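Student: Take a look and give me a structure for this.
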Amino acid sequence: MAREHDTVLRVSYPTERRARVIADALTPEVGEIDDARSATTVARDGDTVRVRVGADDLTALRAGINSWSRLIEVAEQLSE
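Tutor: Okay, the predicted model is just below:
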């Protein structure tokens, strides 16, 4: 996923189980909202979920960050 611009959204949770639930909820979205200008990966390491958003331009990066931040928020709300 080599892109000109990228960022990592890293969120830690109180338990590994909660992080797994969040990561599992996000994973099906990878590839569904990406386009030719952006790509995303989701990974979990213990109690931390990492969402890496890469984009060819800053507008696509901003859109990706906004979309994935909202998806994380929804996954957190639904997992409570």
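
Student: Which residues does the longest helix anywhere in the chain contact?
Tutor: Assignment by DSSP state H gives helix 58-79 as the longest helix of the chain. Applying CB atoms under 8 Å, 6 or more residues apart in numbering, the contact partners of helix 58-79 are 5-7, 9, 11, 18, 21-22, 25-26, 29, 33-35, 37-38, 40, 49, 51, 53-55. For every residue, glycine as well, the C-beta is placed using N, CA and C.

Student: from the residues you listed, which ones fall inside strands?
Tutor: 5-7, 9, 11, 38, 40, 49, 51, 53-55 (DSSP state E).

Student: Could you turn the buried ones of the residues you listed into a ChimeraX selection?
Tutor: Remark: buried members of the ones in strands among the contacts of helix 58-79, expressed as a ChimeraX selection using 16 or more other CB atoms under 10 Å:
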select :5,6,9,11,38,40,49,51,53,54,55
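
Student: could I get the ones in strands among the contacts of helix 58-79 as TSV with pLDDT?
Tutor: Output for the ones in strands among the contacts of helix 58-79, formatted as TSV (pLDDT from 0 to 100):
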residue	pLDDT
H5	95
D6	94
T7	96
L9	97
V11	98
S38	91
T40	95
V49	98
V51	97
V53	95
G54	94
A55	94
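
Student: Can you list the low-confidence ranges for this structure?
Tutor: By pLDDT under 70, the low-scoring segments of the chain are 1-2.

Student: what residue is smack in the middle of it?
Tutor: In the chain, the residue lying closest to the centroid (CA atoms, centre = their mean) is V51, at 3.2 Å.

Student: hang on, the earlier thing: make JSON lines out of the ones in strands among the contacts of helix 58-79 and add distance to E80.
Tutor: Shown next, in JSON lines, are those (distance: CB to CB, whole Å):
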{"residue": "H5", "distance to E80": "33"}
{"residue": "D6", "distance to E80": "30"}
{"residue": "T7", "distance to E80": "26"}
{"residue": "L9", "distance to E80": "19"}
{"residue": "V11", "distance to E80": "14"}
{"residue": "S38", "distance to E80": "29"}
{"residue": "T40", "distance to E80": "24"}
{"residue": "V49", "distance to E80": "15"}
{"residue": "V51", "distance to E80": "19"}
{"residue": "V53", "distance to E80": "25"}
{"residue": "G54", "distance to E80": "30"}
{"residue": "A55", "distance to E80": "31"}
